[in-house]
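> structural data only, the sequence is not supplied:
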């Protein structure tokens, strides 16, 4: 699942929503924060990975190549 933060959104509820989707079977959750120019990748039972605007988003298990 992918969630893009709007100006009125709060991060905590978005993170909780992503965790719920992961518990329900989603493989990965991505939270894009245009204000901070970051994308955070969430996986069940793993620490979130924060990518900056210059990083390339790679998910080889989901999007090979």
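Perfect, thanks for sending it. All of these numbers come straight from a predicted model, not from anything done at the bench.

> who's in contact with the spatially most central residue of the chain?
Nearest to the mean C-alpha position of the chain, by CA atoms, centre = their mean, lies residue 30 at 1.9 Å. For residue 30, the contacting residues are 1, 2, 3, 39, 40, 41, 42, 57, by CB atoms under 8 Å, 6 or more residues apart in numbering. Using the backbone N, CA and C atoms, a C-beta is placed for each residue, glycine as well.

> 6 Å instead?
2, 39, 41 (CB atoms under 6 Å, 6 or more residues apart in numbering).

> next one: it from residue 4, what distance?
As for residue 30, its distance to residue 4 is 9 Å (criterion: CB to CB, to the nearest Å).

> list the contacts of stretch 39-46.
18, 22, 28, 29, 30, 31, 32, 48, 49, 50, 51, 57.

> quick one: distance of the host helix or strand of the second one to the chain centre.
Using DSSP states H and E, the element containing residue 22 is helix 11-23. Counting by CA atoms, centre = their mean, to the nearest Å, helix 11-23 is centred 9 Å from the centre of its parent chain.

> show me what that helix packs onto, helices and strands only.
strand 29-33 (3 or more CB pairs under 6 Å, 6 or more residues apart in numbering; DSSP states H and E).

> name the nearest residue to the residue nearest to the centre of the chain, ignoring sequence neighbours.
Leaving aside its chain neighbours, residue 30 sits nearest to residue 2 (4.7 Å; criterion: CB to CB, 6 or more residues apart in numbering).

> give me the neighbour count for the one you found.
10 (other CB atoms under 10 Å).

> give me the distance from the worst-scoring helix or strand of the chain on mean pLDDT to the chain's centre.
When each helix and strand of the chain is scored by mean pLDDT, DSSP states H and E, strand 49-52 comes last, with a mean of 92. Distance of strand 49-52 from its chain centroid, counting by CA atoms, centre = their mean, is 9 Å.

> list the neighbouring strands of that strand plus their orientation.
strand 38-42 (antiparallel) (DSSP bridges).

> count of residues packed around the nearest residue in space to residue 15 that is not next to it in sequence?
Spatially, and ignoring its direct neighbours in sequence, residue 15 is nearest to residue 31 (6.8 Å; CB to CB, 6+ apart). Residue 31 is flanked by 22 other residues according to other CB under 10 Å.
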